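Visitor: Please work out how this folds:
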Amino acid sequence: MTIARILIVTLATYLVSNTALAEEIGSVDTVFKIFGPDHKIVVEAFDDPDVKNVTCYISRAKTGGIKGGLGLAEDTSDAAISCQQVGPVELSDKIAQGKAQGEVVFRKRTSLVFKKLQVVRFFDQRRNALVYLSYSDKVVDGSPKNALSAVPIMPWH
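Guide: Residues are numbered from 1 along each chain as shown. The predicted structure is shown next:
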């Protein structure tokens with residue numbers, strides 16, 4: 001596959017994806033940079049687009065410096081996730097029937113073109129829980145670094 005094809009496939013995937021948008025909650029600096037923004041850890045929140053009243057919080061590394069400030073740096077694959085029930089959970093029919101296993105619910109670019117952080121949702125019907133897996137991948141190779149969060153679906157009082 002040529003580089004041009006890889007770019008076209010990557011851009012098309014971003015344009016047609018049905019993933020949530022994140023809201024930045026805050027950040028902390030981890031390394032001071034004289035030129036450009038500091039390296040930091042960013043905390044973002046997003047609501048699951050197919051499950052009402054489940055919010056996930058992601059903390060991820062963001063590269064600073066001149067390249068980071070210009071959007072040319074590649075962020076590390078370090079990320080953590082915590083998902084919470086924030087009201088009465090309502091599953092879509094496709095999730096309740098087990099037809100949406102391994103669905104990407106969040107995607108964030110972590111390099112200029114080839115690397116992204118993703119969150120995938122699984123429904124554990126036996127335990128009545130939603131499981132969210134965050135990981136980083138590249139067009140050529142990904143990282144085994146990952147994080148996991150589970151949300152038990154409980155009656156809301």
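Visitor: From here on, just use CA atoms for contacts and neighbour counts.
Guide: OK.
Visitor: so where's the chain uncertain?
Guide: Counting by pLDDT under 70, the chain has low-confidence residues at 1-18, 139-140, 142, 156-157.
Visitor: for residue 50, phi and psi?
Guide: When read as degrees, to the nearest 10, the backbone of residue 50 gives phi -110, psi 0.
Visitor: Any idea how many residues pack against the closest residue to residue 138 other than its chain neighbours?
Guide: For residue 138, ignoring the flanking residues on the chain, the nearest one in space by CA to CA, 6 or more residues apart in numbering is residue 115 at 4.3 Å. For residue 115, the number of neighbouring residues by other CA atoms under 10 Å comes to 22.
Visitor: List the contacts of residue 115.
Guide: Listed by CA atoms under 8 Å, 6 or more residues apart in numbering, the contact set of residue 115 reads 74, 109, 136-139.
Visitor: By neighbours, which of those residues wins?
Guide: Neighbour max across those (other CA under 10 Å) = residue 136, 24 neighbours.
Visitor: so what's it bridging to?
Guide: residue 117 (DSSP bridges).
Visitor: And for the one 10 residues further on?
Guide: Beta bridges link residue 146 to residue 135 when assigned by DSSP bridges.
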